[in-house]
Each structure stands twice: as structure tokens, then as C-alpha cells.
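Trainee: I'll drop the sequence and a predicted model, then ask my questions.
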Amino acid sequence: MNKNILPFRPDWGVPAPLLKDLLEKGKRFNIEEIIPFSPKEINVAQWVSLKCRYGCSRYGTSWCCPPATPGLDKVEQLLSEYSLAFLLVGTQHFPEFYKNNHQKRLRQIRSWKGTISLERALFLDGYYKAFSLVGEACALCKECAYPEDCRFPAERRPSLESLSIDVIGTLKKLGRTPRIAQHHCEAYSYYAIILVE
């Protein structure tokens, strides 16, 4: 059995062949692992939105970031409507992170589109409530049209942090060790979540 896929559990309601197929599709977008888990394991916290408000230049400038995204109370309600989630894990290695914004943006777009493509695959397989929560900030446009109409509304998804999701806390609850680059030359992990019912 593939070590990247946990053994099938009946309460997930998802056949193991589907997980295998998703992983094969995800590999085209650098997604190396797909881990099913309960949305109850997702940590949400008010302090995460403070990091967006007071630590990120995208605050108030993007359709995929606060205040355009739902607040903590709505996020908790949203998560309660799902019984299954997939953690998507990929690796990024980009030594020119601070030197080549064009290449960085292309990699972000690739990861973003990979997550959306797996959401679509789940939808087409009958999981009509599938919804992606993407990693990193939206990079589909060089500059977001916010507050004007989004140029890519079909691909617009909120980032994990924009929904007050404590990514590191969630990973720890799942028994995962977050891979964070200490230096710009180091590889780091990309995380996204797809909610499924």
C-alpha cells in the first residue's frame, strides 16, 4: 500500500481507489501526500486573523484575504457542515524566493490550481460539497482587482490563514511536524485542505 495514503476507514466514506487517483493527479502539481481526517481536528483561533490584519501586506487588498473572507464564527459554522477533510501536502524549494517574484508567483499559481483541480475531481466523483482552502496567498493576478470584481471568480478560494485556521496547530493535532524553511534556500512544505461531505 502507498505510504502516502492512510488505510481506508469506513467512516471516511471515501473508497481507497479514489484517494489513490487523487494522489496521482496531485503529483502533477507537487502534491506528495493526501491525508484524510476529520474537520473537527482543524484549529481555528482569533489570533490567526490578527496576524493577517497586523502582519500581512495583503490585508484589505485581496478577495482571498480578510476582510473579504468570513470571520471566525462563520468559519466554525462552515466546518461543522463537513464530515471529512483532505490535507494536501507538497514541497516547495525556491532558493530565489526573494529575488524572482515572477517565478515565485508561477509556483504559487501551480499549487493553487492543483488544489482546485483536485476539488473539481472530487466534485465530478459525486462529492458535490467539495471546497478548497488553499495554501499561501492568491497569486492568480499580479495585482488583485479588489474591491472591483474578481477576474477569476471560479478559481477564487480563501487561504487557510484567511479563515483563522491555525495551520501549525492543526498539523500538530494530526501528528504532523510542520516543515518550515529557516533560511530562504531550504525547502518548505505547502499545505492546503479540501473539505468534503
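Mentor: Received it, and whenever you're ready, just let me know what you need.
Trainee: point out where the protein drops to low pLDDT.
Mentor: Scanning the chain for pLDDT under 70 picks out 1-14, 93-102, 181, 183-185.
Trainee: and the strands in it, which stretches?
Mentor: 31-37, 84-92, 131-133, 188-196 (DSSP state E).
Trainee: make TSV from the ones you listed and add mean neighbour count and distance to residue 49 to it.
Mentor: (Each C-beta comes from the backbone N, C-alpha and C, glycine too.) Output for those, formatted as TSV (neighbours: other C-beta atoms under 10 Å; distance: least, C-beta to C-beta, whole Å):
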stretch	mean neighbour count	distance to residue 49
strand 31-37	20	23
strand 84-92	21	20
strand 131-133	23	14
strand 188-196	23	17
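Trainee: got those as a markdown table, with distance to residue 159 columns?
Mentor: As requested, the strands of the chain are exported to a markdown table (distance: least, C-beta to C-beta, whole Å):
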| stretch | distance to residue 159 |
| --- | --- |
| strand 31-37 | 16 |
| strand 84-92 | 13 |
| strand 131-133 | 7 |
| strand 188-196 | 9 |
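Trainee: residues in contact with residue 81?
Mentor: Listed by C-beta atoms under 8 Å, 6 or more residues apart in numbering, the contact partners of residue 81 are 129, 197.
Trainee: whoops, I mixed them up, residue 160
Mentor: 133-135, 167, 191-193.
Trainee: relative to residue 149, how far out is it?
Mentor: 24 Å (C-beta to C-beta, to the nearest Å).
Trainee: what segments of this protein are helices?
Mentor: Using DSSP state H, the helices of the chain run over 16-27, 46-55, 72-80, 101-124, 167-173.
Trainee: which parts of the shortest one are buried?
Mentor: Of the residues in helix 167-173, those buried by neighbour count under the rule 16 or more other C-beta atoms under 10 Å are 167, 169-171.
Trainee: among these, which one lies nearest to residue 61?
Mentor: residue 167 (21.1 Å; C-beta to C-beta).
Trainee: contacting residues for the closest residue to residue 45 other than its chain neighbours?
Mentor: Excluding the flanking residues, the one nearest residue 45 by C-beta to C-beta, 6 or more residues apart in numbering is residue 166, at 4.9 Å. For residue 166, the contact set (C-beta under 8 Å, 6+ apart) comprises 43-45, 47-48.
Trainee: at 10 Å instead, please
Mentor: By C-beta atoms under 10 Å, 6 or more residues apart in numbering, the contact list for residue 166 reads 42-45, 47-48, 51, 160, 172-173.
Trainee: who wins on neighbours among the residues you listed?
Mentor: When neighbours are taken as other C-beta atoms under 10 Å, the top entry among the contacts of residue 166 is residue 42 (25 neighbours).
Trainee: residues contacting it?
Mentor: Taking C-beta under 10 Å, 6+ apart as the test, what residue 42 contacts is 75-76, 79, 82, 85, 87, 133, 160, 163, 165-167, 169-170, 173-174, 193, 195.
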